[in-house]
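*Asks:* just the structure for this:
(chains A and B)
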Amino acid sequence: MEREELKSVIESLLFVADGPQTLQRFGELLDQVDRQAIRDILSELQADYENQNRGVRLVEVAGGYQLRTAKANADWVKKFLGGRPARMSKATLETLAIVAYRQPITKAEVEAIRGVDVDGVLTTLLDRNLIRAVARKDVPGRPFLYGTTAEFLQLFNLKDLSHLPTLKEMEEISLPEIPGDLLPVDILEES
Amino acid sequence: MSTKVQLEIFEGPLDLLLHLIKKNEVSITDIPIATITEQYLAALELMESLDLDVAGEFLVMAATLIHIKSRMLLPAGDDAEPDEDEGADPRAELVRRLMEYQRYKEAAAELEQREVLTRDVFVRASGPTEEAAPREFREVSVLELLEALKRVIDRLPKDVVHEVLLEKITVRERMTVLLDKLRHDSRMHFEALFAGVRSRLEIVVTFLAMLELVKVRAIRIFQDQPGGDIVIEAAAGMDEAAERVVLDEAEEDQHGA
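*Replies:* You can find the predicted model right below:
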């Protein structure tokens, strides 16, 4: 296959693919083609979309390659699709972050870090398939150990877990930004 | 209902403490414990006066703060609590917890700044497939499940058999059997689960196995209409769950040996 032809084929495959596709998957299908050549073409496509400032981008996410819309067009796409995406509450996001960085982790261990009960939040995360029970911990009660899923990687545009933003060292920690629109700030000051 | 919403302004006692520390522009590693404790208690009082249901965790933290405060008042080197390291800062453990929590709070904020799917970036909507036909199944209530279970039990032959056979059926075994069935037909009727089951014990164990599979999210239970047929369906995570069941089984065998 000519290189240009191969590039065209791969682009078509990416277009019809449902979910991120691994290099391996392309390799199995295009079995006469060297893996490295496929990888090069994927990088080339990636660069093309980027450099030509196209409306779709080829991203490496959850261990595969996927076409996604350009971030700059988010508002138009949202308007076009209608409907609102489920917003994630602060509690859900914090709990998810703890599971992501500390996995595998039990519910009790998450609660020890957050200082509050996380029952409801964990259920939400399980229902949204962002975390899953990966094993049971070998302690009394054999509690479930939770870890993140491929959906988690897709949601946050992560290639794999090693691409999670680096946790800050304890010393570098700045003080939290408190959103100003919330109730207690002023009332607290008066009391 | 509204009280719940209000309380979530602070994610918990640690969140409230971080807020107070920031507001007072003090260092997290050198918390003026008297001031912060006073403000923390005032905040709790305010929550209560607003008729908010102050969660137990907030009260535990209040007790912790008061305890630390009292220990800070003791002259340094005073051996009032000989079991604890002399000279150790009574605030140390709290500081460690606050910093750890703060770390993940920041991590959460960083995650949120990424290109989030269906907020910042989108993927092509998957095309219609035959299976994507509108599904009008609703979730089944526990009560309905139990009623269905009762129907199965009632159908057992009534004749009393006096032969005593010690059957060894484990929930785990049943789970494996159910998973195999579902791998064959990805959707089946509740009552079909019990086909060929002869004893009450077997029914109960099968039922427990089904519940366990729901818990590990290997299967889902639906109903087409209230009072209608209950349908069991393989969930997306079925194979992973199946693997775990098998692993656990192997593990238990080892322990048992």
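
*Asks:* show the pLDDT at B:V246.
*Replies:* On the pLDDT scale, B:V246 is placed at 64.

*Asks:* what's the answer for the one 4 residues further on, then?
*Replies:* Here, the pLDDT recorded for B:A250 equals 64.

*Asks:* what does B:R138 give?
*Replies:* With respect to pLDDT, B:R138 has a value of 65.

*Asks:* for B:T3, same thing?
*Replies:* Reading off the confidence values, B:T3 has pLDDT 39.

*Asks:* ditto for the one 5 residues further on
*Replies:* pLDDT recorded at B:E8 is 45.

*Asks:* ok, B:D180 next?
*Replies:* 84.

*Asks:* what's around it, how many residues?
*Replies:* Neighbourhood size, B:D180 [other Cβ atoms under 10 Å in any protein chain shown]: 10. Just so you know, the C-beta spots here come from the backbone N, C-alpha and C atoms, and that holds for glycine as well.

*Asks:* mind checking the SS state of it?
*Replies:* Three-state call for B:D180 (DSSP: H, G, I helix; E, B strand; the rest coil): helix.

*Asks:* looking at chain A, which helix or strand is least sure?
*Replies:* Within chain A, no helix or strand scores below helix A:184-190, which has a mean of 34 by mean pLDDT, DSSP states H and E.

*Asks:* and the helices in the chain?
*Replies:* You didn't pick a chain, so chain A it is. A:3-16, A:23-29, A:35-51, A:74-81, A:90-102, A:107-114, A:119-127, A:150-155, A:184-190 (DSSP state H).

*Asks:* switch to chain B, please.
*Replies:* With helices called from DSSP H, chain B shows them at B:2-7, B:13-23, B:33-49, B:56-73, B:92-112, B:142-154, B:171-184, B:200-215, B:238-256.

*Asks:* export those as TSV, with columns for distance to A:K78.
*Replies:* Listed next are the helices of chain B as TSV, based on distance: least, Cβ to Cβ, whole Å:
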stretch	distance to A:K78
helix B:2-7	26
helix B:13-23	30
helix B:33-49	36
helix B:56-73	37
helix B:92-112	17
helix B:142-154	38
helix B:171-184	37
helix B:200-215	35
helix B:238-256	33
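
*Asks:* gap between the closest residue to A:F152 other than its chain neighbours and B:S186?
*Replies:* Nearest-residue entry for A:F152: A:L130, 4.7 Å, with adjacent residues in sequence omitted and distances by Cβ to Cβ, 6 or more residues apart in numbering or on different chains. Separation of A:L130 from B:S186 (Cβ to Cβ, to the nearest Å): 23 Å.

*Asks:* neighbour count winner among the two?
*Replies:* Taking other Cβ under 10 Å, A:L130 and B:S186 do not tie; A:L130 has more neighbours (23 against 13).

*Asks:* these two touch, right, the more buried one and A:Y146?
*Replies:* No - in this structure, A:L130 is not within contact of A:Y146 by Cβ atoms under 8 Å, at 10.0 Å.

*Asks:* give the burial count for A:D119, as a bare number.
*Replies:* Counted with other Cβ under 10 Å, A:D119 comes out at 10.

*Asks:* A:I10 now?
*Replies:* A:I10, neighbours per other Cβ under 10 Å, totals 22.

*Asks:* please tell me how far it sits from A:Q21.
*Replies:* A:I10 is 10 Å from A:Q21, by Cβ to Cβ.

*Asks:* go on, A:L58?
*Replies:* From A:L58 across to A:Q21, the span is 11 Å (Cβ to Cβ).

*Asks:* between the two, which contacts overlap?
*Replies:* The overlap between the contact sets of A:L58 and A:Q21 (Cβ atoms under 8 Å, 6 or more residues apart in numbering or on different chains) consists of A:14, A:65-66.

*Asks:* can you redo those as a markdown table with neighbour count?
*Replies:* Shown next, in a markdown table, are those (neighbours: other Cβ atoms under 10 Å in any protein chain shown):
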| residue | neighbour count |
| --- | --- |
| A:L14 | 20 |
| A:Y65 | 26 |
| A:Q66 | 23 |
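
*Asks:* pick the one among those residues closest to chain B.
*Replies:* The nearest member of those to chain B, counting by Cβ to the nearest Cβ, is A:Q66 at 6.3 Å.

*Asks:* which residues touch the closest one?
*Replies:* A:14, A:17, A:19-21, A:58-59, A:154, B:123 are the contacts of A:Q66 under Cβ under 8 Å, 6+ apart.

*Asks:* what residue ranges in the stretch 151-257 of chain B score low on pLDDT?
*Replies:* Counting by pLDDT under 70, the low-confidence segments of the stretch 151-257 of chain B come to B:158-167, B:225-227, B:245-257.

*Asks:* get me the contact residues on it for chain A.
*Replies:* B:216-217, B:236-237, B:240, B:244, B:248 (Cβ under 8 Å from any Cβ of the partner chain).

*Asks:* using JSON lines, lay out these together with neighbour count.
*Replies:* Putting these into JSON lines (neighbours: other Cβ under 10 Å) gives the following:
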{"residue": "B:V216", "neighbour count": "21"}
{"residue": "B:R217", "neighbour count": "18"}
{"residue": "B:A236", "neighbour count": "14"}
{"residue": "B:G237", "neighbour count": "18"}
{"residue": "B:E240", "neighbour count": "17"}
{"residue": "B:R244", "neighbour count": "20"}
{"residue": "B:D248", "neighbour count": "16"}
